[in-house]
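> Provided below are the primary sequence and the corresponding predicted coordinates.
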Amino acid sequence: GDSVTQMEGPVTLSEEAFLTINCTYTATGYPSLFWYVQYPGEGLQLLLKATKADDKGSNKGFEATYRKETTSFHLEKGSVQVSDSAVYFCAQTNFGNEKLTFGTGTRLTIIP
Amino acid sequence: DAGVIQSPRHEVTEMGQEVTLRCKPISGHNSLFWYRQTMMRGLELLIYFNNNVPIDDSGMPEDRFSAKMPNASFSTLKIQPSEPRDSAVYFCASSGGSSGANVLTFGAGSRLTVL
């Protein structure tokens, strides 16, 4: 069945470091892909999305490119800030299906 | 818009008691989702509704759990009787309208502790 596998955490980085959080998916058909972020004590928020192969989603300095050939949607940011500390979830859904399949989440901590 | 509104934010109860969690989705959204989040199991979809009709309840753990959506602006998740293993954060989310299908807006969650 459809699934999402993301990088095990926790991840700890220094401020201004480069960030990559890996995400790969298994799906029948051509899913839409998402990154959601959860700040402490809050619900999840959509960070970015991509709906077809080679699309790049971007928001708040974060980027992810939909790679059909490697079934991946890795999250990147060139220079992280303390305020980026949160849990990041990769997710997918297939056309016509409203259910999102989430990965297990990756906890990111940025140290000043 | 005030976003997805959940209540209560925190609930502490004793085993065997009935618990009711409430959710008000964003106006104009036609899909509503209930998720449960724990450290051990991560984020689990319990049930979702489309136009107030339950579409998929395969994630509901057992008969102790029930969910209703009597109208487009209100949903409840009920646990009766509650057990300590039900302790978790329960999230409601909605989607649809101008935000598009598949883009979920989450509430702040209801943290349930069953003693």
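That came through, no problem.
> List the contacts of the residue in chain A positioned nearest to chain B.
Residue nearest to chain B within chain A: residue A:43 (3.2 Å; Cβ to the nearest Cβ). C-beta coordinates here come from the backbone N, C-alpha and C atoms, glycine included. Shown in contact with residue A:43 (Cβ atoms under 8 Å, 6 or more residues apart in numbering or on different chains): B:4, B:91, B:93, B:106, B:107, B:108, B:109.
> Swap in 10 Å and give it another go.
A:36, B:3-4, B:6, B:35, B:37, B:89, B:91-93, B:104-109 (Cβ atoms under 10 Å, 6 or more residues apart in numbering or on different chains).
> Residue B:78 reaches residue B:63, doesn't it?
No. Taking contacts as Cβ atoms under 10 Å, residue B:78 lies outside contact range of residue B:63: 11.3 Å.
> filter the contacts of residue A:43 to the buried ones?
Burial by neighbour count, judged by 16 or more other Cβ atoms under 10 Å in any protein chain shown, picks out A:36, B:4, B:6, B:35, B:37, B:89, B:91-93, B:104-109 from these.
> Which single one of those residues is nearest to residue B:68?
residue B:92 (12.7 Å; Cβ to Cβ).
> hang on, the earlier thing: if I look at the residue of chain A closest to chain B, how far off is residue B:18?
Relative to residue B:18, residue A:43 is positioned 24 Å away (Cβ to Cβ, to the nearest Å).
> Residue A:69 too?
52 Å.
> Neighbour count for those two, which is higher?
Each of residue A:69 and residue B:18 has its neighbours counted (other Cβ atoms under 10 Å in any protein chain shown); residue B:18 has more, 11 against 7.
> I'd like to know how many residues surround the residue nearest to that one when sequence neighbours are not counted.
Nearest residue to residue B:18, sequence neighbours excluded (Cβ to Cβ, 6 or more residues apart in numbering or on different chains): residue B:80, at 4.2 Å. Here the number of neighbours of residue B:80 (other Cβ under 10 Å) works out to 13.
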